[in-house]
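Trainee: can't give you the sequence, but here's the structure:
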């Protein structure tokens, strides 16, 4: 695999997949703050 | 039927992802990417996620949540009765897509069944992918049966309540879709010569970014793939909790949709580049080939390529099962939109569900039995969606962009705040994108056919203007009647 491909792959996949998991994790954290009882139970 | 409840946060996210991730991610995205130079295309595609799709997703979420109306009533409630027809157009446009999308979902399911029982592999080795495909669609009866099964399946899932049904179905289908895509990707990248495909997919040729065509194709792909401006999220949002987040959920939907598109490409590009030389074809040209109704890669070449791969039958079945799940989860959102329109019209949920099932089947029949009709409808209404997107922008501008951001989006308990960038995008950027996209499309379409003005020919500007115009004129004529009825009705079974 070419070096530019590897670099671009890391940037593109990192941006979209990273963005997806980051926003999902953020939602989990925010939801836990909004409804602490629900998460604990 | 039990009374309707509201989506939980995770139920809503799954529903939004199920709506956005459809066949467009798996067959359209790789095709458009291949036709536009591979890696370079990813850059404008990423940019337009933020300059078109996410602001419109936010708008839809906020509009549905605040008005508690489907497309037919939401516009009237936001900007007044005289503009209610715009929302109706959005609804009609998406329903027109639903009628033939069910046929597409049926094709995917048929190919999955045929891959499992071995008739697909046998048919391809005997007659070739093209002959197998033509034999299937020209049989008329089979596409009709599978179209019927998809409508019945979709209605079966939501029969006990939109929220309940969608939450249950998506809890199974979306994780399964993700797992299947990962399995397909792993299989593809372990094929010999797969790295050529990965290089084409991710290695950008920077000079291509100077070509305006790539930017416009990226904009249209982002608009179609995320489902922004279809009215589907607006409909789901009517089942949201009043205080549910709007902003972060829009980001999750946008990122999730594009992540799925990339995963699908990682499954398809290496497979095509690895296997195309075995059958003596050029991978780039086959990836970019549209075929009738854009079926070239998916239904004609992919089965032929899989047939050459070790464990090809398994790979083939996995691929078409993935497509079927993606198609069904998107079809369900379209059925829900149609049901919501009828509920707003004053029907009970039970009656609306039955009517949508019957009309969905009957109005899909012409597309199921006649490819020319199917292609015409695909052409007219997929472009009609750009107008739908613009109507959302118009509604926000008419209401007041800053006012919409503060009073409507800001009314929710958002996890993230929306800044003034939203105002700038809705006021200037999205209208400019709309004009650029429509002008470019007109320019291209006039070159495709000498009789580009003809209203009764398959792929002309004339047929689009005729069908959009007919729908808009009818909706404007009956606007007062529709608006009075939809705005007066409060759904009896709303939570």
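Mentor: Cool, got the structure. If you're wondering where the values come from, they're calculated on a predicted model, not measured in any experiment. Numbers count the residues shown, from 1 in each chain, chains lettered A, B, ... in the order given.

Trainee: Name the residues of the stretch 51-200 of chain B found near chain A, please.
Mentor: B:195, B:198-199 (CB under 8 Å from any CB of the partner chain). The way it works is simple: take the backbone N, C-alpha and C, and place the C-beta from them, glycine included.

Trainee: Quick check: of those, which lies closest to residue B:39?
Mentor: Nearest to residue B:39 out of those is residue B:199 (CB to CB; 8.4 Å).

Trainee: what's around the closest one, how many residues?
Mentor: Residues lying near residue B:199 (other CB atoms under 10 Å in any protein chain shown) number 21.

Trainee: Relative to residue B:180, how far out is the closest residue to it other than its chain neighbours?
Mentor: Nearest residue to residue B:199 in three dimensions, chain neighbours excluded: residue A:5, at 4.9 Å (CB to CB, 6 or more residues apart in numbering or on different chains). According to CB to CB, to the nearest Å, residue A:5 and residue B:180 sit 25 Å apart.

Trainee: Now, the residues of the stretch 51-200 of chain B next to chain A that are in helices?
Mentor: Judged by DSSP state H, helices contain the following of those: B:195, B:198-199.

Trainee: per-residue confidence for the residue nearest to residue B:199?
Mentor: Note on residue A:5: pLDDT of 87.

Trainee: who's more crowded, residue A:5 and residue B:180?
Mentor: Legend: neighbour count by other CB under 10 Å for residue A:5 and residue B:180, higher for residue B:180 (21 against 18).

Trainee: packing partners for the host helix or strand of that one?
Mentor: Element membership for residue B:180, per DSSP states H and E: helix B:162-189. Contact here means 3 or more CB pairs under 8 Å, 6 or more residues apart in numbering or on different chains; DSSP states H and E; on that basis helix B:162-189 packs against helix B:9-20, helix B:141-158, helix B:194-202, helix B:247-275, helix B:312-345.

Trainee: For the closest residue to residue B:96 other than its chain neighbours, give me its contacts.
Mentor: Setting aside the residues directly before and after it, residue B:96 is nearest to residue B:381 in space (CB to CB, 6+ apart), at 4.5 Å. Neighbouring residues of residue B:381 by CB atoms under 8 Å, 6 or more residues apart in numbering or on different chains: B:93, B:96-97.

Trainee: out of those residues, which is most surrounded?
Mentor: Those, ranked by neighbours (other CB under 10 Å): first place residue B:93, 27 neighbours.

Trainee: That residue and residue B:386 touch, don't they?
Mentor: No. Using CB atoms under 8 Å, residue B:93 is not in contact with residue B:386; the gap is 9.9 Å.

Trainee: ok, back up a step: so which of the ones in helices among the residues of the stretch 51-200 of chain B next to chain A is the closest to residue B:369?
Mentor: residue B:198 (40.6 Å).

Trainee: Which residue, neighbours along the chain excluded, lies closest to residue B:267?
Mentor: In space, and not counting its chain neighbours, residue B:267 is closest to residue B:184: 3.9 Å by CB to CB, 6+ apart.

Trainee: Verify the stated contact: the one you found with residue B:315.
Mentor: Yes. Counting by CB under 8 Å, residue B:184 does reach residue B:315; the two are 6.9 Å apart.

Trainee: Need the residues touching each of those two.
Mentor: Residues touching both residue B:184 and residue B:315 (CB under 8 Å, 6+ apart): residue B:271.

Trainee: From residue B:271, how far off is residue B:319?
Mentor: 9 Å.

Trainee: More neighbours: which of these two?
Mentor: Each of residue B:319 and residue B:271 has its neighbours counted (other CB under 10 Å); residue B:319 has more, 29 against 26.

Trainee: Chain A versus the more buried one, what's the distance?
Mentor: 21 Å (CB to the nearest CB, to the nearest Å).

Trainee: wait, what's in contact with that residue?
Mentor: Contacts for residue B:319 (CB under 8 Å, 6+ apart) come out as B:115, B:184, B:267, B:302, B:306.

Trainee: Name the nearest of those relative to residue B:372.
Mentor: For the contacts of residue B:319, the nearest to residue B:372 is residue B:302 (23.8 Å; CB to CB).

Trainee: confidence score at the closest one?
Mentor: Reported pLDDT for residue B:302: 78.

Trainee: With residue B:396 instead?
Mentor: For residue B:396, pLDDT reads 97.

Trainee: what helix or strand does the residue nearest to residue B:96 sit in?
Mentor: Here residue B:381 is assigned to helix B:371-399, by DSSP H and E.
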